[in-house]
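Chemist: Kindly generate the corresponding structure for this input.
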Amino acid sequence: MAESALIIVMPLLLWGVFLFNRLVKDRNRVRAAWSDIDVQLTRRHELVPRLVEAVKAYAGHEQATLAAITELRSQSEAARHLADKAEVEEQLTAGVQKLIALAEAYPDLKANQNFLDLQRELVDIEDFLQYARRFYNGAVRILGTRIETVPDNIIANLFGFEPAEYFVAEHRDAPRVSL
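Modeler: Numbers count the residues shown, from 1 in each chain. Here you go, the predicted model:
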């Protein structure tokens, strides 16, 4: 009798361990993917003051735009909830694109090599950020699907696995670099 119980319990236990480990792997993939987004956001946040300074040298009277971008950068760094951060980052992206568009009105700025380098760096960051966001949201989708579907949901509920938030930001094309 004990042997037959062991024959039934052992495969169920192994199956539960397999499901648990798969959920842990998915949760860690989400965390790693968020880290990639955070790196790109940090890179962009470090670029913003340099971009603002470059524009300020040529278009100092655009103080409202420059101040708004600096404030959005601070708000993003202070945001604690993913939805709040995504909203502020979307506004920051629009502000930076507006800043880049200002260059069109200032031929000397548009021709400045430092500004052109900053523009190229911004385009690279935006490309990496878009890729990281897609990867993160894919990892969130996989984890969420596992948490909600049988049989993984049994283990997920038993061990308190929670779905992660999507990082939703409206897609905008990266700023164009005009040479």
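
Chemist: pLDDT below threshold where in the chain?
Modeler: Scanning the chain for pLDDT under 70 picks out 169-179.

Chemist: how does it look with 80?
Modeler: For the chain, the stretches flagged by pLDDT under 80 are 1, 59-62, 103, 169-179.

Chemist: Contacts only, for Ile155.
Modeler: Counting by Cβ atoms under 8 Å, 6 or more residues apart in numbering, Ile155 makes contact with Gly16, Leu19, Phe20, Leu23, Phe161. Using the backbone N, CA and C atoms, a C-beta is placed for each residue, glycine as well.

Chemist: center of the chain - which residue?
Modeler: Ile37 (3.6 Å; Cα atoms, centre = their mean).

Chemist: what's the distance between that residue and Phe167?
Modeler: Here Ile37 is placed at a distance of 6 Å from Phe167 (Cβ to Cβ, to the nearest Å).

Chemist: go on, Arg27?
Modeler: For Arg27, the distance to Phe167 (Cβ to Cβ) stands at 16 Å.

Chemist: Repeat that for Leu158.
Modeler: 28 Å.

Chemist: Comparing these two, which shows the higher neighbour count?
Modeler: Applying other Cβ atoms under 10 Å to Leu158 and Phe167 shows that Phe167 carries more neighbours, namely 21 against 11.

Chemist: Contacts only, for that one.
Modeler: Trp34, Ile37, Leu82, Lys85, Ala86, Arg133, Tyr136, Asn137, Val140.

Chemist: Does the second one belong to a helix, a strand or coil?
Modeler: Each residue gets one of three states, and Ile37 gets helix by DSSP: H, G, I helix; E, B strand; the rest coil.
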